[in-house]
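Trainee: here are the coordinates; sequence isn't available:
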């Protein structure tokens, strides 16, 4: 792959801008400034620098973000910050998109990618990718509510029964459960259907990938092993 094309694919701007970066001596590979835009590169495992900043070539990007409260999963946020404000222009130029959405008042694991197939694999309703949520509720959680959530509830304007698995009462007003469908406001609507209300909501896990120790507002590139864990689904 030509150097100019590689830079363009990584989000450094239009072809002419990438050519200018190279001609300005901004690009280094293995500690050597490369001035030829048509320099042929082996992209596997390629590391390079632009104005001293280190980068690794990535054909596609897969990102895990610990989403803070008060951020919308939209490029055109209206009443709050946008999660895309947390990323630099280079990543934004790649066209990263949220894999599903979290409400502005919901925190926790949010995946982003520029890989359409990966996005589809995690968001299509038939894929049944499990998502683990923790929540605080307004009222104390009863045994009956736990049983109802596991048995399944009906949601207005939705077809079918929506059941949670691994419903665990962590304290009187704290609940953890796994959902498998991902319809609009599903967790909040399920709690409302059993006569309770979500006060705060946090997504801890997608597939078999756990948020682990990622601090709020921080993000990481996923490894191949983490990507596969995120795609791992239940056989339903």
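Mentor: Yes, it's here. As the structure is a prediction and not an experimental result, all values here were calculated from the model. Residues are numbered from 1 along each chain as shown.

Trainee: and residue 220, which of the three is it?
Mentor: Under DSSP: H, G, I helix; E, B strand; the rest coil, residue 220 falls in the strand class.

Trainee: quick check: domain ranges of this structure?
Mentor: The chain breaks down by automatic domain parsing into domains covering 3-56, 62-125+208-231, 130-206.

Trainee: can you put those domains in a markdown table and add mean neighbour count and mean pLDDT?
Mentor: The way it works is simple: take the backbone N, C-alpha and C, and place the C-beta from them, glycine included. Below are the domains of the chain laid out as a markdown table (neighbours: other C-beta atoms under 10 Å; pLDDT from 0 to 100):
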| stretch | mean neighbour count | mean pLDDT |
| --- | --- | --- |
| domain 3-56 | 15 | 97 |
| domain 62-125+208-231 | 17 | 93 |
| domain 130-206 | 16 | 95 |
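
Trainee: I'd guessed residue 84 sits against residue 92; true?
Mentor: Yes: taking contacts as C-beta atoms under 8 Å, residue 84 lies within contact range of residue 92: 6.2 Å.

Trainee: gap between the spatially most central residue of the chain and residue 52?
Mentor: Nearest to the mean C-alpha position of the chain, by C-alpha atoms, centre = their mean, lies residue 111 at 0.9 Å. Per C-beta to C-beta, to the nearest Å, residue 111 is found 30 Å from residue 52.

Trainee: Does residue 215 lie in a helix or a strand, and which?
Mentor: Applying DSSP states H and E as the criterion places residue 215 outside every helix and strand.

Trainee: show me what contacts it?
Mentor: In this structure, residue 215 makes contact with residue 66, judged by C-beta atoms under 8 Å, 6 or more residues apart in numbering.

Trainee: go on, residue 56?
Mentor: By C-beta under 8 Å, 6+ apart, the contact set of residue 56 is 46-47.

Trainee: same question, residue 178
Mentor: Residue 178 makes contact with 130-133, 164-166, according to C-beta under 8 Å, 6+ apart.
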